[in-house]
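>>> The following block contains a protein sequence and its predicted model.
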Amino acid sequence: QVQLVESGGGSAQAGGSLRISCVASGYAVSRDCMGWFRQSPGKEREGVAFIGNKGIPYYADSVKGRFTVSRNDANNTLYLQMDMLKPEDTGMYYCAASKDDCFTVSHFPAWGQGTQVTVSS
């Protein structure tokens, strides 16, 4: 059974930084694809950053150049380093594990409980 547990969310000022983590069990973060999604009130869930089994990262245009996704295979943890934060980055951030590629939301059957990120102006 796959279990994903996020941590590290919190509050930051615009322009600041936060790092969130996702510890996986029952799933190797180096396989297929791991990703971060976020959902803000009144908005649809959106994919933020992904990392495939070859370690290649993919980013939404809205976070490109500001966010960095990485993983530590030894401790089976996925990270999202968020720099130059903006108020529009506010939302619940979810870690998810894919059974296939990074590009189809339906291929992510396993999700964490989420961690809240709040950015104030």
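Done, it's in.

>>> show me the contacts for residue 51.
33-35, 57-58, 69-71, 78, 102 (C-beta atoms under 8 Å, 6 or more residues apart in numbering). In this view, the C-beta of every residue, glycine as well, is placed from N, C-alpha and C.

>>> Residue 98 now?
Neighbouring residues of residue 98 by C-beta under 8 Å, 6+ apart: 32-35, 107-108.

>>> What does residue 105 show for phi and psi?
For residue 105, the backbone dihedrals (degrees, to the nearest 10) come out as phi -60, psi -40.

>>> What is the burial count for it?
Using other C-beta atoms under 10 Å, residue 105 has 12 neighbouring residues.

>>> swap in residue 29?
Look at residue 29: counted by other C-beta under 10 Å, it has 24 neighbours.

>>> Could I have the ChimeraX command that selects the buried members from the contacts of residue 51?
Buried residues within those, by 16 or more other C-beta atoms under 10 Å, are selected in ChimeraX with:
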select :33,34,35,57,58,69,71,78,102
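
>>> So which of the contacts of residue 51 belong to strands?
In strands, defined here by DSSP state E, the members of those are 33-35, 57-58, 69-71, 78.

>>> sec struct for residue 31, please.
coil (DSSP: H, G, I helix; E, B strand; the rest coil).

>>> can you tell me how far residue 20 sits from residue 80?
Using C-beta to C-beta, to the nearest Å, residue 20 is found at 5 Å from residue 80.

>>> Which strand or helix spans the closest residue to residue 69 other than its chain neighbours?
Excluding the flanking residues, the one nearest residue 69 by C-beta to C-beta, 6 or more residues apart in numbering is residue 49, at 3.9 Å. Taking DSSP states H and E as the criterion, residue 49 maps to strand 46-52.

>>> Buried by neighbour count: which residues of that strand qualify?
Of all the residues in strand 46-52, those buried under the rule 16+ other C-beta under 10 Å are 47-52.
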